[in-house]
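**Student:** next comes the sequence, and after it the predicted model I'd like to discuss.
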Amino acid sequence: MTATTTRPRTGRDDPLRRALALLALSPRTLALSVLLGVLALGSAVALAAVSAWLIARASQMPPVLQLSIATVAVRAFGIGRGVFRYAERLTSHDLALRGMAHLRETLYAQLAAGRTESLVGLRRGDLLARVGADVDAVGDVVVRGLLPAAVAAVLGLGTVLAIGAFLPAAGFSLAVCLVVAGVVAPLLAARAARRSEELAAESRADMTATALTVLDDPGQLTVSGQLAGQLDLLRDADRRLAAATDTGARPAAVSAALGTLAVGGAVVAALVLGIPAVGRGALTPVELAVVVLTPLAAFEATSLLPAAAVQVLRSRLAAARVMALLDSVDDGTTVRAVRPAFPRDTEEAVRPAGDTLAHVPDVTADDGAASAGPHGLVARDLACGWPGRPAVVSGLDLTVRPGRSVAVVGPSGTGKTTVLLTLAGLLPPHDGSLTLDGVPTASLRSEQVARSVVLTAEDAHVFETTVLENLRVANGATTADEARAALRRAGLGAWLDALPEGVQTVLGPDALTVSGGERRRLLLARALVSPAEILLVDEPAEHLDTETADALVRDLLSGSFRGEPTARTAAAESSRGVVVVTHRLTPLDTADEVIVITDGMVRARGTHAELLHRDSGYRDSLWRENQGSAASS
Ligand SMILES: Nc1ncnc2c1ncn2[C@@H]1O[C@H](COP(=O)(O)OP(=O)(O)OP(=O)(O)O)[C@@H](O)[C@H]1O
Ligand SMILES: [Mg+2]
């Protein structure tokens, strides 16, 4: 079996039900929460009943001893109500928070493992809203939706039966009023909320996305004069959000009125039915007080239900967005191809450093051998581009395997970054083939590719945490010594020495406290600590002076990094394959192959020396570069 579909992708399934399944709620804790909730509100109902009895009986001035048990019961129910409520809150919140953590974990894992092209069209703020507020909204349904409904149902039934035991007709009228307050009013509230929530969700997503844009790049937006426009968009989204909320206000008010009306109705009905019953002798005057006053407490449970219905609706909309996100990245996880085990999969350390090179078949000689498969990342006649747009670069042949270095050069906008994103499996190939150890990358999950291929993207995120934790993004096991070694190899030795707390120094929000060049090299250091054996590096030397830049690229391409690598990183290093995108030709003498891309095609390829010998364009570019360097120095 080479491909399996683990879960049908249906639009029929209720997204809330599917999302709830992903919360993996413990049935025992759920049952305990309901029980505690029933005990808490049950105490309130019992308190009302006993109080009514006590007041009514006391008016008859019986011997005080007859009242003492009721007095103790009042106290017990009063205290019990608070204690049970507290315990119920603890249990139900623990349940919901664990569920949210589980759902979020599933979501992150799927996002990391799934197909990334589906996310290309999603705005960053929108993605953030889905993994943030939407997951919270799904979790909220437990505490604010399901539990109140379950508690109200149990309690309502119990109270109706208890009152019915005294006077069946009063029990029936109470049941009718509870249905009005607990079913009709919530349905009305939910309907009112549906329209406004649909409108609000869109405005809220717009608001989050715009707010993030403004917060991310306030400087650039100010300079380009777009800040005012973005702020207007933000205000507009806020206005639409307020209008959407207002839309649902009137029906919500009717629903609230209905709830209050039902309480009054129940009391009046109990009086109307109870007084004649007292006359008939079917009910004692003290029991009449109980029958009339007890239902008041029962409505405490139903009063939460309109809000619960709105919460269910809100959670269902949020669940639909979360599940849509999961479904969109799911394709890559449902199709699994059998893939020859990468040596690291079994035991990272068993492969001797030099061994890899000795056993690598010459891919250029035989890259089609289906049995063994070529080692490393192999592109054949590859066309790279963005989804829904024409290919930016086509006809690319490229082989990178451990121990081999390739430099890609070309004018700005020619598609070098696009090529790297495609090689990293982050963009689907437009055409041609791309294989990792002989297996098409399209049939691998992103995390499988990421285990072997690491990309230092230009816009990778630098987190507001320590330097060490920023490197651990690529490898959680990185020690402080390994981090220091990687930073020095990335040319950040002096920067590191100047940091007040070394690798434990906390970087500012979104790396605002590091310069553009430092940021690039920090990302390079992050790639260096990664255990992946193929490194794709995009313009590592940008923002650096030419001398430092050339030294860095040379080091990367030759693998002779500066510093004192630890035993583990040294082993990984010597067997690494590297693709470096750069715009300077001078340091390319250390590359095993240089690929020149112009106008979407490979214009020339070979070693630096070969290209200098036979390609006049390459020679001219290098000459101009040297002139430029000479002039600037
Ligand atoms: N997110 C994107 N969506 C759609 N098209 C894009 C996207 N990013 C880049 N492109 C397009 O792809 C083409 C190649 O861009 P790319 O960034 O790969 O060039 P580059 O060679 O890396 O340029 P530079 O040297 O300036 O970094 C450009 O025409 C660009 O407009
Ligand atoms: Mg680029």
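**Tutor:** Ah, there it is. Ligands and ions are numbered 1, 2, ... in the order given.
**Student:** every contact and neighbour count from this point should use C-alpha atoms.
**Tutor:** Will do.
**Student:** what about the longest helix in this structure?
**Tutor:** Secondary structure assigned by DSSP state H gives helix 64-113 as the longest helix of the chain.
**Student:** which elements pack onto it?
**Tutor:** Here helix 64-113 touches helix 15-23, helix 27-59, helix 135-141, helix 305-334, helix 446-452, going by 3 or more CA pairs under 8 Å, 6 or more residues apart in numbering; DSSP states H and E.
**Student:** may I see those helices organised as a markdown table, with mean neighbour count, mean pLDDT and distance to ligand 1 added?
**Tutor:** Formatted as a markdown table, the helices and strands packed on helix 64-113 follow (neighbours: other CA atoms under 10 Å; pLDDT from 0 to 100; distance: least, CA to the nearest ligand atom, whole Å):
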| stretch | mean neighbour count | mean pLDDT | distance to ligand 1 |
| --- | --- | --- | --- |
| helix 15-23 | 18 | 90 | 30 |
| helix 27-59 | 20 | 93 | 45 |
| helix 135-141 | 24 | 92 | 27 |
| helix 305-334 | 22 | 80 | 18 |
| helix 446-452 | 20 | 81 | 18 |
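**Student:** ok now stretch 28-45, how far from the chain's centre?
**Tutor:** Put simply, stretch 28-45 sits 33 Å off its chain's centre (CA atoms, centre = their mean, to the nearest Å).
**Student:** related to what we said a few turns ago, and the helices and strands packed on helix 64-113 as a markdown table, adding distance to residue 623?
**Tutor:** As requested, those are exported to a markdown table (distance: least, CA to CA, whole Å):
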| stretch | distance to residue 623 |
| --- | --- |
| helix 15-23 | 61 |
| helix 27-59 | 73 |
| helix 135-141 | 57 |
| helix 305-334 | 47 |
| helix 446-452 | 37 |
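**Student:** tell me the contacts of residue 422?
**Tutor:** Contact partners of residue 422, counting by CA atoms under 8 Å, 6 or more residues apart in numbering, are 384, 385, 428, 429.
**Student:** nearest to ligand 1 among those?
**Tutor:** Distances from ligand 1 to the contacts of residue 422, taken as CA to the nearest ligand atom, are shortest for residue 385 (6.6 Å).
**Student:** and that closest one, what does it touch?
**Tutor:** Contact partners of residue 385, counting by CA under 8 Å, 6+ apart, are 391, 392, 393, 415, 418, 419, 422, 427, 429, 430.
**Student:** and with 7 Å instead?
**Tutor:** Residues near residue 385 by CA atoms under 7 Å, 6 or more residues apart in numbering: 391, 392, 393, 418, 430.
**Student:** please list the members of these that lie in helices.
**Tutor:** Counting by DSSP H, the contacts of residue 385 contribute residue 418 to helices.
**Student:** so the residue of the stretch 151-300 of the chain found nearest ligand 1 is in which element?
**Tutor:** Among the residues of the stretch 151-300 of the chain, residue 213 lies nearest to ligand 1; the distance is 15.5 Å by CA to the nearest ligand atom. In this structure, residue 213 sits in helix 185-216 according to DSSP states H and E.
**Student:** show the subsequent helix or strand relative to that helix.
**Tutor:** helix 218-223.
**Student:** which residues touch that following helix?
**Tutor:** residue 227.
**Student:** buried sites along that helix?
**Tutor:** For helix 218-223, a neighbour-count test (16 or more other CA atoms under 10 Å) marks residue 221 as buried.
**Student:** list the residues that contact residue 267.
**Tutor:** By CA under 7 Å, 6+ apart, the neighbours of residue 267 are residue 292.
**Student:** what is the burial count for residue 133?
**Tutor:** Residues lying near residue 133 (other CA atoms under 10 Å) number 12.
**Student:** let's verify whichever residue of the stretch 501-633 of the chain sits closest to ligand 1: helix, strand, or coil?
**Tutor:** Using CA to the nearest ligand atom, the single residue of the stretch 501-633 of the chain nearest to ligand 1 is residue 583, 7.2 Å away. With DSSP: H, G, I helix; E, B strand; the rest coil as the basis, residue 583 sits in coil.
**Student:** who does the nearest residue to it once chain neighbours are set aside bridge with?
**Tutor:** Computed as CA to CA, 6 or more residues apart in numbering, the closest residue to residue 583 that is not its neighbour in sequence is residue 409, at 5.6 Å. Listed by DSSP bridges, the beta-bridge partners for residue 409 are residue 596.
**Student:** quick check: domain ranges of this structure?
**Tutor:** By the assignment in automatic domain parsing, the chain contains the domains 15-332, 401-414+444-632.
**Student:** nearest to residue 380, of these?
**Tutor:** domain 401-414+444-632 (12.3 Å; CA to CA).
**Student:** burial measure for residue 624, as a count.
**Tutor:** Residue 624 has 12 nearby residues by other CA under 10 Å.
**Student:** and it, how far is that from residue 618?
**Tutor:** Relative to residue 618, residue 624 is positioned 10 Å away (CA to CA, to the nearest Å).
**Student:** before we move on, back to that, buried subset of the contacts of residue 422?
**Tutor:** 384, 385, 428, 429.
**Student:** hmm, which of these is lowest in pLDDT?
**Tutor:** Among the buried ones among the contacts of residue 422, residue 428 has the lowest pLDDT, at 87.
**Student:** distance of it from residue 491?
**Tutor:** Counting by CA to CA - residue 428 and residue 491 are separated by 33 Å.
**Student:** leaving out sequence neighbours, find the closest residue to residue 36.
**Tutor:** Nearest to residue 36 is residue 88, by CA to CA, 6+ apart, at 5.1 Å.
**Student:** quick one: low-confidence ranges for the stretch 201-350 of the chain?
**Tutor:** Residue ranges of the stretch 201-350 of the chain with pLDDT under 70: 330-350.
**Student:** for the stretch 401-550 of the chain, which residues are neighbours of ligand 1?
**Tutor:** 412, 413, 414, 415, 416, 417, 418 (CA under 6 Å from any ligand atom).
**Student:** so what's the residue count around the closest residue to ligand 1 within the stretch 251-400 of the chain?
**Tutor:** Residue nearest to ligand 1 within the stretch 251-400 of the chain: residue 386 (5.2 Å; CA to the nearest ligand atom). For residue 386, the neighbour count with other CA under 10 Å is 17.
**Student:** for it, give me its contacts.
**Tutor:** residue 427.
**Student:** any idea of the pLDDT on it?
**Tutor:** At residue 386, the model reports a pLDDT of 89.
**Student:** equivalent analysis for the one 5 residues further on, please.
**Tutor:** The score at residue 391 is 92. That number is its pLDDT.
**Student:** give me the spatial nearest neighbour of it, chain neighbours excluded.
**Tutor:** In space, and not counting its chain neighbours, residue 391 is closest to residue 385: 4.2 Å by CA to CA, 6+ apart.
**Student:** and what of residue 604?
**Tutor:** residue 596 (5.2 Å).
**Student:** so the residue nearest the centre of the chain: helix, strand or coil?
**Tutor:** Centroid-nearest residue in the chain: residue 131, 3.6 Å away (criterion: CA atoms, centre = their mean). With three-state DSSP as the basis, residue 131 sits in helix.
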